[in-house]
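Enquirer: Below are the sequence and a predicted model for it; my questions follow.
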Protein chains: 2
Amino acid sequence: MASPLEGGADALLLDLPRGPLQAYRARASFCWKELALFLEGEDVLRLKKTIFSTLENDPLFARSHEEDLSLERYRELSFLRCKRIMEYNLLPLEDMVANPLWFQVFTDCLGMYDWSLAIRLLLNMVTFGLAIYNLGSERHLKYLPKIFNMEIFGCFAVTELSHGSNAKAIRTTAHYDPTTQEFIIHSPDFEAAKFWVGNMGKTATHAVVFAQLYTPEGQCHGLHPFVVQIRNPKTLLPMPGVMIGDMGKKLGLNGVDNGFAMFHKVRIPRQDLLNRTGEVTLEGTYVTPFKDDRQRFGASLGTLSMGRVAIVGMATVNLKLAVSIALRFSATRCQFGPSDEEEIPVLEYQMQQWRLLPYLAAVYALDHFSKSLFLDLVDLQQGLMGKDRSARQAELGREIHALVSASKPLASWTAQQGIQECREACGGHGYLAVNRLGDLRNDNDPNCTYEGDNNILLQQTSSYLLSLLASRIERGVRLESPLKTVDFLEAYPEILGQRFSCPSINSCLDSSVPLAAYEWLVCYLLLESYQKLNEEKRSGRNDFEARNNSQAYYCRPLALAFLELTVVRRFHEYTHQPSVPPQLRAVLGRLSALYALWTLSQHMALLYQGGYFSGEQAGKMIQNAILTLCSQLKDDAVALVDVIAPPDFVLDSPIGRADGELYKNLWTAVLQESQVLKRPSWWLEFTVNKPRVGSLKSKL
Amino acid sequence: MASPLEGGADALLLDLPRGPLQAYRARASFCWKELALFLEGEDVLRLKKTIFSTLENDPLFARSHEEDLSLERYRELSFLRCKRIMEYNLLPLEDMVANPLWFQVFTDCLGMYDWSLAIRLLLNMVTFGLAIYNLGSERHLKYLPKIFNMEIFGCFAVTELSHGSNAKAIRTTAHYDPTTQEFIIHSPDFEAAKFWVGNMGKTATHAVVFAQLYTPEGQCHGLHPFVVQIRNPKTLLPMPGVMIGDMGKKLGLNGVDNGFAMFHKVRIPRQDLLNRTGEVTLEGTYVTPFKDDRQRFGASLGTLSMGRVAIVGMATVNLKLAVSIALRFSATRCQFGPSDEEEIPVLEYQMQQWRLLPYLAAVYALDHFSKSLFLDLVDLQQGLMGKDRSARQAELGREIHALVSASKPLASWTAQQGIQECREACGGHGYLAVNRLGDLRNDNDPNCTYEGDNNILLQQTSSYLLSLLASRIERGVRLESPLKTVDFLEAYPEILGQRFSCPSINSCLDSSVPLAAYEWLVCYLLLESYQKLNEEKRSGRNDFEARNNSQAYYCRPLALAFLELTVVRRFHEYTHQPSVPPQLRAVLGRLSALYALWTLSQHMALLYQGGYFSGEQAGKMIQNAILTLCSQLKDDAVALVDVIAPPDFVLDSPIGRADGELYKNLWTAVLQESQVLKRPSWWLEFTVNKPRVGSLKSKL
């Protein structure tokens, strides 16, 4: 469709090059520029354009296709790029404060280029900086300007070689010595070495180190954060007593220098205890505003929420890129056809649509959710900064923690599975490194693990829901929460009495149908989990065992289904609001319905098991609705990709370029690799040094 | 358990080092050496030991942990290793002929070390060699000794830049010129360049090239194979008219040099047409023993079966290694516990068991199936060589093609998902390259694509089943096949009337329960698919459309369920045969039941939808049975890994070593990486060249 936009907005979105994708673009039901403007707004489009064109115009960001970029060189490059980003100051602090969402846009844009770059910046400025800000006090503010002018470079050191998920069991110690007013940071053995710390391997000069705090009389007060200088900023050599190294090659994100550190009685000033949650007086007395250790510990790790929300965005970006590549490929790759003479684009096949279009819908749904979750967190953070001690603020904290704890798993897994599907959907060409699907998969993979293992995080969400239900059942407390994500549960007795009803396939093509099914599903799983836990306890198991035995088929799907429902609901509401331009309603409604039905269809067995579905038709109805929506969306798929895909330079995939010249682009890229047409340097090993078959047989 | 083996067999299996895994080993219900001997037999154990110790003792095979091994160097190394393997002649031809299964053992052992090495050998000796043997005639036998002494090095060139799955549409041409009695091999343009050909990038001197054969009057006779010399064996320089290159970096298997080739009117002797399926006389007349082009084409591509069966073994090996690493890790990694003081191995958690043990069971079931399928194929191949033209031989060919076409998808996907689960189950440590889970995933990934895209291959299986059903319904032909994999279908009307019945959880703990459910499921999906196809046709769609619209929820799950049933049935029969030693029956029975129930549980929605299941208890029974089997198997898990894991040198994963010294091994490995403790070479970029924030702002 032609662009109905005028003036400024139109100029922000350049027309795409003509080529083989034109056929699909011409069939789209909507104007991609209009949708982009509706979703992002003019200011964000401008910011994105500035960031992308800055990268493209600066040779330091030139895409290197030497296939042999060494670890050392890659880490150097991503560090140099970090510095350059600071020189551009693409998002000044005042803009960020005025428009917090811009920060997410900024991060995502850099991540689309290369997550290693974005992560190194984030770890220093946000993870390290925010930890100091949130966990420290007045006396630590001095570090902040030093971070922002790169006088120092920071990292965040919690996990150890032998402890990750069980952070409370961390073994690094910090003994207070009142004679010198210092803490002595110490790793009892190599198993307590800090491990996996991003930026620590080669670069960081300072670390926020979590250690067990001991006062002079020998009492342990639990885990506390300390600022520890680990390298000399003038030489980058380790500080005395610090053994610090690089962990070497990872499956991905190799531009980030993850590292380890062992501390041998390293002395730091008393003031470098980040004292928001607990303080040690000059003489060595421990004081804390918190009632119990558990509460204090929770508050000190709360700062991880920002990282988890960032991961939701990261995973969504990765899926966005992968889906863009795979759909442009599918729209231009022709294979087979109704007759031997005519081949059709693989996107015309129902199977290819069914494999890819639900992930396209997932990108739109998760992208919207990720923004809304980020804004929720900003709200919470502002309350924290304003020292809001209201009950609502505390409830908001719990609710957001529960949402975040399932959002990271859902987004990272959806992306991981989606990228793999995209790789396979591009066949062999998807397996060629230059097309980038491998890097996307490898860089996305740790999103399932860091900042909390997905399966363990999900327990936070189910525990939240179960404790609400327990209060309702045991004490009659109304089921509700500040963001209203749990309010529907109040009606659980009625909801559980509902049954699937959908008179026709057409009535199934709206997300209100799966939304109702999800409400039933979450109520069912919640009650089932509650009963299962009680059953376990009644049969003599302690809390630890009861919880462990209720995960696989109860609490885990409960947490995921609850979050899916929340994503579905928010996207449903967003796409059905009156302010949606009429010409965008159909396509947005279909995306909302497809994501909802597809993700619901993974729970079909439970819907039958619990009796919400019965008979053959219920399941078939859902399947038909999914396939119908796929076929309705396939002509819009290329335009929907045009809305979300970054410029070619950033997308960096020959088979996914906007001109759709699949083979020309791929051929050109392959010919650019080094030594591509040359015989191998070791040719004599074939031509002269022939093997003598069995000549070494006697050595066996 | 102590070893009850005596003499020879015991000496073949060395005792494992004592260490932290001892606790689980002591709790095992069986002796791992006894199970190894039962599964493999003494001769195979001896062969494995010879191969593994040969690799370990030869410094050419030393594990290189320079993280920066370049593409060129890796390809050189794997080529040098190919030659060395030939010098050892580890599996002489006469042994292989006497024991065909040894060939699979040999390949799998090399693959456990590194698939790039094994694949380069296989592509030359088997894919190229067997193509010449199967597709050529007497006059081509001259090539075989040259392959075996490496005078020449071969590759197999079907796919082109713009055509893979649709092989018939390949565009390379071979025009016969009677004046010189030559074929002229030509690539009309770069989109017809041969692409993705393993060994072609840097090494191969000869290729079996598939091209459209034209006789002088201008008629095209379809795709035929030709032997084309592409490089000079004395110089490794390309032959005149051949433009040949390396495709560059892939997501994995980077020791294999995949390449491309364009032919510019390259002339080859008439005799180099591989003429089993069609011949051109001196004068230029085309003759073929086949009635139609379709049949001839089928026969010429039939040689791909061996590659697909090999992939089933490859995928199983990859999963075997990943599961070994993840389970040894899980048995030694402690995290959390019933009290703050005591941490327990993560294998004690039901979630971890539920995530990993079904894949352990899958390894055992698929390993058995892979061997049995290989022997079926050997049977078929012997018939082909004996020129067996019986109806049984033809039927056997069809049945094996159908089995193979779903086996490769099932095995490669199970491995891909399982390796990812193992990676995640090892947390961050699974993300460290040195622990090998990344390489396993990346090297396994192309198994989903090459030798036939998984989703497209599955259509071969469903078409086979549907054509049998059509014959039964339309012409009363009895449903049966030489290997009896489809014989149960004859009773489909009765089977479809059956309903799930399992009075107690205990009766559910045997694979006979899921076996019965699978028979119902396959009958249901077969009838549903048949009806769906007819429905599509009745509503006016042609065959092409009808088939395309019946894949997602019909033919695709049909093919997978049929193959799962076959795997389950074969493993059930194997584990329940009288010759199983009594002390192994319990553990093998549990593995069989767990694999069967777990893989069945993925179809639970269908079981409900079609009415085989009803009520809440059916689903819960299956879930409880899975969890019960997991808890029964967790104490056997380490011993079951000891049976399948290769020696530490071959497994090559610090977190998966047999001594279970997880942290010591990992710490040592990390410290071995290059420059691990050194400051970066680019330290001045931090210490001196500080960024000036915003200094480039004006450039935006």
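Expert: Received it, and whenever you're ready, just let me know what you need.

Enquirer: quick one: secondary structure of A:Arg541?
Expert: coil (DSSP: H, G, I helix; E, B strand; the rest coil).

Enquirer: Tell me the spacing between it and B:Pro338.
Expert: Per Cβ to Cβ, to the nearest Å, A:Arg541 is found 10 Å from B:Pro338. Bear in mind the C-beta positions are built from the backbone N, C-alpha and C, glycine included.

Enquirer: do A:Val378 as well
Expert: 39 Å.

Enquirer: just A:Ala310 next, same as before
Expert: 34 Å.

Enquirer: of these two, who's got more company?
Expert: A:Ala310 (26 against 14; other Cβ atoms under 10 Å in any protein chain shown).

Enquirer: Could I get the average pLDDT for the helix or strand that contains the more buried one?
Expert: Taking DSSP states H and E as the criterion, A:Ala310 maps to helix A:304-332. Averaged across helix A:304-332, pLDDT comes to 96.

Enquirer: list the buried ones in the very next helix or strand once past that helix?
Expert: Scanning forward in sequence from helix A:304-332 by DSSP H and E, the next helix or strand is helix A:350-385. For helix A:350-385, the neighbour count (16 or more other Cβ atoms under 10 Å in any protein chain shown) marks A:350-374, A:376-381, A:383-384 as buried.

Enquirer: and helix A:350-385, average pLDDT?
Expert: Computed over helix A:350-385, the average pLDDT equals 95.

Enquirer: do the same with stretch A:422-430
Expert: Stretch A:422-430 carries an average pLDDT of 98.

Enquirer: Can you list the buried residues in it?
Expert: Neighbour-count burial for stretch A:422-430 [16+ other Cβ under 10 Å]: A:422-430.

Enquirer: Make TSV out of the residues you listed and add secondary structure.
Expert: As requested, those are arranged in TSV below (three-state DSSP):
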residue	secondary structure
A:Cys422	helix
A:Arg423	helix
A:Glu424	helix
A:Ala425	helix
A:Cys426	coil
A:Gly427	helix
A:Gly428	helix
A:His429	helix
A:Gly430	helix
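
Enquirer: State the pair within those that is farthest apart.
Expert: Pairwise distances across the buried residues of stretch A:422-430 (Cβ to Cβ) peak at 13.6 Å, for the pair A:Cys422 and A:Gly428.

Enquirer: The strand or helix carrying A:Val670 and chain B, any residue contact?
Expert: Assessed by DSSP H and E, A:Val670 sits inside helix A:662-672. Yes. Applying Cβ under 8 Å from any Cβ of the partner chain, one finds that helix A:662-672 is in contact with chain B at A:663, A:666-667, A:670-671.

Enquirer: how about the residues of the stretch 51-200 of chain A that lie near chain B?
Expert: Within the stretch 51-200 of chain A, the positions near chain B by Cβ under 8 Å from any Cβ are A:54, A:67-68, A:70-72, A:75-76, A:79-80, A:83-84, A:86-90, A:92, A:148-151, A:153, A:159, A:161-166, A:168-169, A:190-191, A:193, A:195-196.

Enquirer: For the helix or strand hosting A:Ser529, enumerate the helices and strands it packs against.
Expert: Using DSSP H and E, A:Ser529 falls within helix A:512-538. Contact here means 3 or more Cβ pairs under 8 Å, 6 or more residues apart in numbering or on different chains; DSSP states H and E; on that basis helix A:512-538 packs against helix A:454-475, helix A:492-497, helix A:543-548, helix A:556-575, helix A:582-601, helix A:604-609.

Enquirer: Measure how far the first one is from the centre of its chain, please.
Expert: Okay, so that is helix A:454-475. Put simply, helix A:454-475 sits 23 Å off its chain's centre (Cα atoms, centre = their mean, to the nearest Å).

Enquirer: Please apply the same query to stretch A:618-626.
Expert: For stretch A:618-626, the distance to the chain centre is 30 Å (Cα atoms, centre = their mean).

Enquirer: Any chance you could list what contacts that stretch?
Expert: A:354, A:358, A:500, A:502, A:505, A:508-509, A:513, A:593-594, A:597-598, A:600-601, A:604, A:607-608, A:613, B:552-553, B:605-606, B:608-609 (Cβ atoms under 8 Å, 6 or more residues apart in numbering or on different chains).

Enquirer: list the buried ones in that stretch?
Expert: Judged by neighbour count (16+ other Cβ under 10 Å), stretch A:618-626 contains these buried residues: A:618-619, A:621-626.

Enquirer: which stretches of the stretch 401-550 of chain A have low pLDDT?
Expert: For the stretch 401-550 of chain A, no stretch has pLDDT under 70.

Enquirer: Contact residues of it facing chain B?
Expert: A:416, A:420, A:423-424, A:427-428, A:430-434, A:437-438, A:441-442, A:445-446, A:448-450, A:453-455, A:542, A:544-545, A:548-549.

Enquirer: any idea what A:Val228 is structurally, helix, strand or coil?
Expert: Going by three-state DSSP: A:Val228 is strand.

Enquirer: ok, the closest residue to A:Gln181 other than its chain neighbours - how many residues close by?
Expert: Closest residue to A:Gln181 apart from its sequence neighbours, by Cβ to Cβ, 6 or more residues apart in numbering or on different chains: A:Arg270 at 4.6 Å. Neighbours of A:Arg270 under the rule other Cβ under 10 Å: 19.

Enquirer: isn't A:Arg270 right next to A:Val280, touching?
Expert: Yes. The pair A:Arg270 and A:Val280 qualifies as a contact (Cβ atoms under 8 Å) at a distance of 6.6 Å.

Enquirer: what residues are shared contacts of these two?
Expert: A:Tyr176.

Enquirer: ok so, going back, can you add mean neighbour count and give the helices and strands packed on helix A:512-538 back as a markdown table?
Expert: Rendered in a markdown table, the data for these read as follows (neighbours: other Cβ atoms under 10 Å in any protein chain shown):
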| stretch | mean neighbour count |
| --- | --- |
| helix A:454-475 | 18 |
| helix A:492-497 | 14 |
| helix A:543-548 | 16 |
| helix A:556-575 | 23 |
| helix A:582-601 | 22 |
| helix A:604-609 | 24 |
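
Enquirer: Quick one, which of those helices gets closest to A:Ala645.
Expert: helix A:582-601 (15.8 Å).

Enquirer: got the CA coordinates for the helix holding A:Val670 in PDB?
Expert: Output of helix A:662-672 as PDB, limited to C-alpha atoms (Å, rounded to 0.1, in the frame of the first residue of the first chain):
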ATOM      1  CA  LEU A 662      18.500 -13.500  -2.000                       C
ATOM      2  CA  TYR A 663      20.900 -15.200  -4.400                       C
ATOM      3  CA  LYS A 664      22.800 -12.200  -5.600                       C
ATOM      4  CA  ASN A 665      23.400 -11.100  -2.000                       C
ATOM      5  CA  LEU A 666      24.400 -14.500  -0.800                       C
ATOM      6  CA  TRP A 667      26.700 -15.200  -3.700                       C
ATOM      7  CA  THR A 668      28.400 -11.800  -3.300                       C
ATOM      8  CA  ALA A 669      28.800 -12.400   0.500                       C
ATOM      9  CA  VAL A 670      30.400 -15.800   0.000                       C
ATOM     10  CA  LEU A 671      32.800 -14.500  -2.500                       C
ATOM     11  CA  GLN A 672      34.000 -11.900   0.000                       C
END
